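J.: just to be clear, the model below is a prediction. Sequence and coordinates:
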Amino acid sequence: MSEKNRDGKRTARERLAVEREKQKAAEKRRRTLIVGASVVCVLGLAAVIGVVAANAGKDEGSDSAGPVVAPSGALGEDGLAIPVGKENAKATLTVWEDFRCPACKSFELAYRPTIHELTESGDLKVEYHLVTLIDGNLGGTGSRNSANAAACAQDAGKFAAYHDVLFDNQPPETDDAFADNAELIDLAGKVRGLDTPAFRSCVEDGKHNSWVVKSNDAFQKGGFSGTPTVLFDGKNIYEDRSMTPEKLKKMVQEANQ
């Protein structure tokens with residue numbers, strides 16, 4: 001083989017080696033860019049998660065913004081109890097409820113016929129306190145907004161009927177449908193005479209939002225374990241596993257003797 005041919009092969013090998021090194025360097029840069037981009041995506045996601053977490057449960061404006069306006073006819077300390085039944089009834093049932101709370105709906109469906117019977121007969125007075133427990137646990141404003149709407153219904157003298165409608169139409173616990181004021185106004189159409197301009201304005205303006213917050217604060221300070229909390233003349237009967245609507249009726253009848 002001539003010297004010229006040997007030099008040509010050597011030059012070709014050198015060029016091939018150089019090209020391979022270039023390819024290795026390019027591949028290394030590509031891997032570096034991919035890893036770097038992945039880190040940025042993760043950090044970006046973390047930043048988004050951080051922002052979402054920081055804003056979870058927040059609403060436009062503070063829950064406690066504005067004056068505390070108790071609904072018409074509210075009773076008790078700071079006017080936090082909405083009464084249903086005759087004022088001079090000898091027996092009193094105190095109920096702490098959250099309109100997003102499934103256990104509250106179960107209580108209502110089981111005890112509602114008996115409670116209606118006893119309040120209409122004048123034997124029992126019920127004092128309802130509204131709570132935002134599910135908003136606090138799962139986020140959202142459905143508990144607060146529905147409680148405000150119920151207080152607006154109280155202003156119109158239709159709390160009891162609207163209270164029942166809200167529980168009858170309760171969304172799944174994780175569905176914050178009651179945060180939508182339009183939904184709450186639409187449900188008011190199920191109560192004759194409730195869907196008025198005054199009611200709509202009350203709901204949309206969050207007239208009783210601060211009152212709802214104060215009611216929930218009272219619940220927290222009361223040291224209650226959850227909703228519903230049902231007190232009969234001060235005793236928590238919901239914790240009594242032997243309690244039934246029939247037993248409650250008998251207790252009320254005995255209190256009226």
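T.: Great, that's in hand.
J.: helices of the chain, start to end?
T.: 3-55, 102-120, 133-138, 142-155, 159-168, 181-188, 197-205, 209-221, 245-255 (DSSP state H).
J.: least reliable of those helices going by mean pLDDT?
T.: Looking at these, the lowest mean pLDDT belongs to helix 3-55 (a mean of 43).
J.: tell me the centre residue of this protein?
T.: Asp135 (2.9 Å; CA atoms, centre = their mean).
J.: tell me who's in contact with that one.
T.: 57, 100, 141-144 (CB atoms under 8 Å, 6 or more residues apart in numbering). C-beta coordinates here come from the backbone N, C-alpha and C atoms, glycine included.
J.: so who does the closest residue to it other than its chain neighbours touch?
T.: Counting by CB to CB, 6 or more residues apart in numbering, Asp135 lies nearest to Ser143, which is 4.1 Å off, once chain neighbours are set aside. Residues in contact with Ser143, defined by CB under 8 Å, 6+ apart, are 98-101, 131-135, 178.
J.: apply 6 Å and report the result again.
T.: By CB atoms under 6 Å, 6 or more residues apart in numbering, the residues touching Ser143 are 98, 100, 132, 134-135.
J.: of the residues you listed, which is the most crowded?
T.: In terms of neighbours by other CB atoms under 10 Å, the contacts of Ser143 top out with Arg100 at 33 neighbours.
J.: from what I see, that one and Ile134 are in contact.
T.: Yes. Here Arg100 reaches Ile134: they are 3.8 Å apart, a contact under CB atoms under 6 Å.
J.: now Leu231: how far from Met243?
T.: 12 Å (CB to CB, to the nearest Å).
J.: now swap in Ile115 and tell me
T.: From Ile115 to Met243 the distance is 13 Å (CB to CB).
J.: more crowded one of the two?
T.: More crowded of Ile115 and Met243, by other CB under 10 Å: Ile115, with 23 against 16.
J.: ok, and the closest non-adjacent residue to that one?
T.: Per CB to CB, 6+ apart, closest to Ile115 is Val126, 6.3 Å.
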